[in-house]
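> Got a predicted structure plus its sequence, pasted below:
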Amino acid sequence: MAPPILNERRRDERQSRDARMRNERPSASGCAAGGQALAGVGQSSAASGQLNAKQLNSKISHASGTDELLSLFARHSTSLNHIHAANLWNKLGKQRIERRHEEQLERLVQRTLDLVSSCEARNLANIAHGVARCDLQVTQAKSRRKF
């Protein structure tokens, strides 16, 4: 068993690493107080409706369902990048897609096609997997028109 000082140092290193992964400042007590301070920073820009790339990705990651994901896309479609698209499709692939979502999904497909040239392999894989999991039905007329 390691001496208590070594265990404390490992715990502190682990907390610092975890805090960096959450984009929080490590606190002396090990609680998420730094995250609360940072949350306040993003609220002013979120209140105006504008999110930076990191905030948008976080909102997508923490969205609770299809409606929230598609609403985020609708509000931020012009600032959507290839990473956001991959994250959106990855999350949508885990959701229940209904017919009422078709129009919004069509817009997302078009925006995604615009971003494909800037995608790296991992982004493309996430997009392809999410699209496949959504089980989108494309008619032959629509597919011919796009290519």
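Structure received.
> quick one, domains of the protein?
Domain ranges of the chain: 1-48, 51-147, per automatic domain parsing.
> What average pLDDT does the longest one get?
It refers to domain 51-147. Summarised as a single mean, pLDDT over domain 51-147 is 89.
> swap in the shortest one?
Domain 1-48 shows a mean pLDDT of 51.
> Would you map the helices across the protein?
With DSSP state H as the criterion, the chain has helices at 4-21, 33-47, 53-61, 66-76, 82-92, 102-115, 121-134, 140-146.
> Touching the fifth one from outside, list them.
By C-beta atoms under 8 Å, 6 or more residues apart in numbering, the residues outside helix 82-92 that reach it are 53, 56-57, 60-61, 63, 66, 69, 72-73, 76, 80, 105, 108, 111-112, 115-116, 118-120, 122-124, 126-127, 129-131, 133-134. For the C-beta atoms, the positions are set from N, CA and C on the backbone; glycine is no exception.
> The same query, at a cut-off of 7 Å, please.
Identification of contacts with helix 82-92 by C-beta atoms under 7 Å, 6 or more residues apart in numbering yields 56-57, 60-61, 63, 66, 69, 73, 108, 111-112, 115, 118-119, 123, 126-127, 129-131, 134.
> buried subset of the residues you listed?
56-57, 60, 63, 66, 69, 73, 108, 111-112, 115, 119, 123, 126-127, 130-131, 134 (16 or more other C-beta atoms under 10 Å).
> From Ser117, how far out is Leu70?
Using C-beta to C-beta, to the nearest Å, Leu70 is found at 24 Å from Ser117.
> Which one's more surrounded, those two?
Leu70 (22 against 7; other C-beta atoms under 10 Å).
> ok, that one touching Glu103?
No: here Leu70 does not reach Glu103: they are 9.6 Å apart, not a contact under C-beta atoms under 7 Å.
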